[in-house]
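>>> take this sequence and fold it.
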Amino acid sequence: MEGAQIPHKMLAQDAYSTWLGIEILECEIGRCRVAMTIRKEMLNSMNKAHGGISYALADTAFGFAANTHGNFAVSIETSINHIEALNEGDYLIAESVIEKVNTKLGFNIVEVRRDNELVALFKGVVYRTQKEWE
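Predicted coordinates for the structure are as follows:
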């Protein structure tokens with residue numbers, strides 16, 4: 001399967017990302033941009049988006065970009081810095097770029113933005129398996 005098409009296949013099989021309302025904006029080998037809008041049921045007790053929401057968006061972008069090389073890539077370590085609080089109706093764009101990749105590991109940085117303002121910064125490491133996407 002051609003690498004840039006893999007994220008579309010992944011999203012079609014991903015019930016959680018579909019529930020979040022994530023859409024793929026663009027993908028190419030080593031890079032993927034996804035977006036979503038924060039809904040009322042995603043808010044916490046302080047009426048702000050739960051941190052897990054921006055984390056999930058970034059994690060999805062990360063997973064999609066990491067798999068564009070054609071082999072199954074699975075997360076082994078991730079972290080996020082929440083920079084700004086998020087509100088209902090905010091439209092978020094997450095862009096994942098592979099910073100370094102070798103035979104077994106891939107290192108990604110994901111920037112999450114609202115109106116071009118950086119609101120979260122995510123780092124992820126994947127293990128690249130030998131299993132190929134079909």
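>>> rest of the way, CA atoms for contacts and neighbours
Fine.
>>> show me where the chain has its strands.
Counting by DSSP state E, one finds strands in the chain at the ranges 23-28, 31-37, 71-82, 91-101, 105-114, 117-132.
>>> biggest helix in the chain by residues?
Secondary structure assigned by DSSP state H gives helix 51-66 as the longest helix of the chain.
>>> could you say what helices and strands that one packs with?
Counting by 3 or more CA pairs under 8 Å, 6 or more residues apart in numbering; DSSP states H and E, the packing neighbours recorded for helix 51-66 are helix 6-12, helix 15-20, strand 31-37, strand 71-82, strand 91-101, strand 105-114, strand 117-132.
>>> could you check the angle the third one makes with strand 105-114?
Going back to what we said before, that points to strand 31-37. Calculated by axes from the mean of the first three to the mean of the last three CA atoms, to 10 degrees, strand 31-37 forms an angle of 40 degrees with strand 105-114.
>>> coming back round to it: relative to strand 105-114, how tilted is the longest helix of the chain?
What separates the directions of helix 51-66 and strand 105-114 is an angle of 130 degrees, with the same axes, to 10 degrees.
>>> now find how far off-centre helix 51-66 is within its chain.
Average the C-alpha atoms of helix 51-66, do the same for its chain, and the two points are 3 Å apart (CA atoms, centre = their mean, to the nearest Å).
>>> contact partners for the nearest residue to T68 once chain neighbours are set aside?
Spatially, and ignoring its direct neighbours in sequence, T68 is nearest to G3 (4.2 Å; CA to CA, 6 or more residues apart in numbering). Taking CA atoms under 8 Å, 6 or more residues apart in numbering as the definition of contact, the neighbours of G3 are 28-29, 67-70.
>>> alright, I will stop here.
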